[in-house]
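Student: sequence and computational prediction follow.
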Amino acid sequence: MEKYQNKEPKISKKAKVFHNAVIAGDVTLKDNVNVWYNVTIRADMDYVLIDENTNIQDNTVIHTNLNMPTTIGKNVTVGHGAIIHAATVKDNALIGMGSIVLDGAIIEEGALVGAGCVVPPFKTVPKNTLVMGNPMKIIRELKTKELENISQNKDYYLKLMKEY
């Protein structure tokens, strides 16, 4: 944990930050957030807020831009190696492995950003929708089973966090 210009991370006692993760600046991690190995969360240009029960998997980078925070809602899964830069991810979404979500983008509730997808600046991924590709293309609305799988993934990571 590193302080930046008198701002230091605020981490719930119920959150878990794994060895080698770097959290710097105006970062808030709520209850049951789990930040895995080699993640970098840097809030030196604006704040980062990560809400309850969200998992940030290995090698992810989360950053901000001038007057552009990054906010990640409740029950979100951010897959291995993703980059979220000055964007908003709403509750119950899943950001696939290796995806890039750029400045001003909004990922609506329950959306799934497929692995390797690039969400361009200021684009919005609609609620309960699957997007894939570079640049992103809307593929279809998610099925009930797929939405359940997103929730199960979050539950699995909560269980895994507690086993460490």
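Tutor: All right, it came through fine.

Student: for the rest of this, base every contact and every neighbour count on C-alpha atoms.
Tutor: Fine.

Student: which residue ranges of the chain form helices?
Tutor: For the chain, applying DSSP state H gives helices covering 144-163.

Student: pull the longest strand from this protein.
Tutor: Assignment by DSSP state E gives strand 40-50 as the longest strand of the chain.

Student: burial measure for Gly114, as a count.
Tutor: Neighbour count for Gly114, taken as other CA atoms under 10 Å: 20.

Student: relative to Glu52, how far out is it?
Tutor: 22 Å (CA to CA, to the nearest Å).

Student: ok, Val131 next?
Tutor: Where Glu52 is concerned, Val131 sits at a distance of 24 Å (CA to CA).

Student: more neighbours: which of these two?
Tutor: Neighbours were counted for Val131 and for Glu52 using other CA under 10 Å; Val131 has more, 24 against 21.

Student: how far away is Val48 from Tyr37?
Tutor: Val48 is 18 Å from Tyr37, by CA to CA.

Student: which one of these two has more residues nearby?
Tutor: Val48 (28 against 18).

Student: got the contact list for the more buried one?
Tutor: For Val48, the contact set (CA atoms under 8 Å, 6 or more residues apart in numbering) comprises Asp26, Val27, Thr28, Ile41, Arg42, His63, Thr64, Pro69, Thr70, Thr71.

Student: ok, the last one - contacts?
Tutor: Thr71 makes contacts with Val48, Leu49, Ile50, Ala86, Ala87, Thr88, Val89, Lys90, as judged by CA under 8 Å, 6+ apart.

Student: now it: how far from Leu142?
Tutor: Look at Thr71 and Leu142: by CA to CA, they are 23 Å apart.

Student: grab the nearest non-local neighbour of Gln5.
Tutor: Spatial nearest neighbour of Gln5, excluding adjacent residues (CA to CA, 6 or more residues apart in numbering): Gly25 at 7.6 Å.

Student: check what pLDDT the one you found gets.
Tutor: On pLDDT, Gly25 comes in at 98.

Student: show me what it is bridged to.
Tutor: Beta bridges link Gly25 to Ala43, judged by DSSP bridges.

Student: correct me, but it touches Thr40?
Tutor: No: assessed by CA atoms under 8 Å, Gly25 is found out of contact with Thr40, at 11.3 Å.
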